[in-house]
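**Q** Sequence and computational prediction follow.
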Amino acid sequence: MSSKKTSLLQGTLDLLILKALGAGELHGLGVSRRIEQITQGTFLVKPGSLFPALHRLEEAGWLSSFWGESENNRRAKFYRLTKAGRGQLEVETEQWTRVAVAMTNALRAS
């Protein structure tokens, strides 16, 4: 994993949460761990940022939630993508891919 931590750019947290939940349901701490994993340790999402974002995405209809037991037998709220959330993941992935390519091209320009 990378030893360098990077601040999240505006708008990236929602996409990272959607991506983390793309493979299946997770509780909040699981979402945070998955984001750290898929970004190879570059992004660490703290609860103060994560939970408001999870609630915002749920209110938007992109996530649904339910109460269950975590791996250490504690009560935890689990989140999963809705059909609308899967669609939003596709839209945001396309947008960020275009932005990343454009930025790469701009930085390589002489």
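**A** Nice, I can see it.

**Q** And the helix or strand where Gly85 lies, what does it pack against?
**A** Taking DSSP states H and E as the criterion, Gly85 maps to helix 83-108. The contact analysis (3 or more CB pairs under 8 Å, 6 or more residues apart in numbering; DSSP states H and E) places helix 83-108 against helix 12-21. The way it works is simple: take the backbone N, C-alpha and C, and place the C-beta from them, glycine included.

**Q** Name all residues that make contact with the most centrally placed residue in the chain.
**A** In the chain, the centroid-proximal residue (CA atoms, centre = their mean) is Ile17; its distance is 1.7 Å. For Ile17, the contacting residues are 31, 35, 50, 53-54, 57, 63, by CB atoms under 8 Å, 6 or more residues apart in numbering.

**Q** got it, and Arg86?
**A** Gly22.

**Q** For the remainder of this discussion, apply numbering that starts at 29.
**A** Will do, 29 is the new start, and the previous item becomes Arg114.

**Q** ok, now how distant is it from Ser77?
**A** 23 Å (CB to CB, to the nearest Å).

**Q** same thing with Glu97?
**A** Counting by CB to CB, the separation of Glu97 from Ser77 is 25 Å.

**Q** Which one of the contacts of Ile45 is nearest to Ser138?
**A** Ile63 (34.8 Å; CB to CB).

**Q** In contact with the closest one, which residues are there?
**A** Applying CB under 8 Å, 6+ apart, we find Ile63 in contact with 44-45, 47-48, 71-73.

**Q** Out of the contacts of Ile45, name the ones that lie in strands.
**A** Under the assignment DSSP state E, the contacts of Ile45 contribute Leu91 to strands.

**Q** Between which two of the contacts of Ile45 is the distance greatest?
**A** Among these, Ile63 and Leu91 lie farthest apart (CB to CB), at 14.4 Å.

**Q** Now do the same for Gly96: helix, strand or coil?
**A** strand (DSSP: H, G, I helix; E, B strand; the rest coil).

**Q** In contact with it, which residues?
**A** 55, 103-104, 106.
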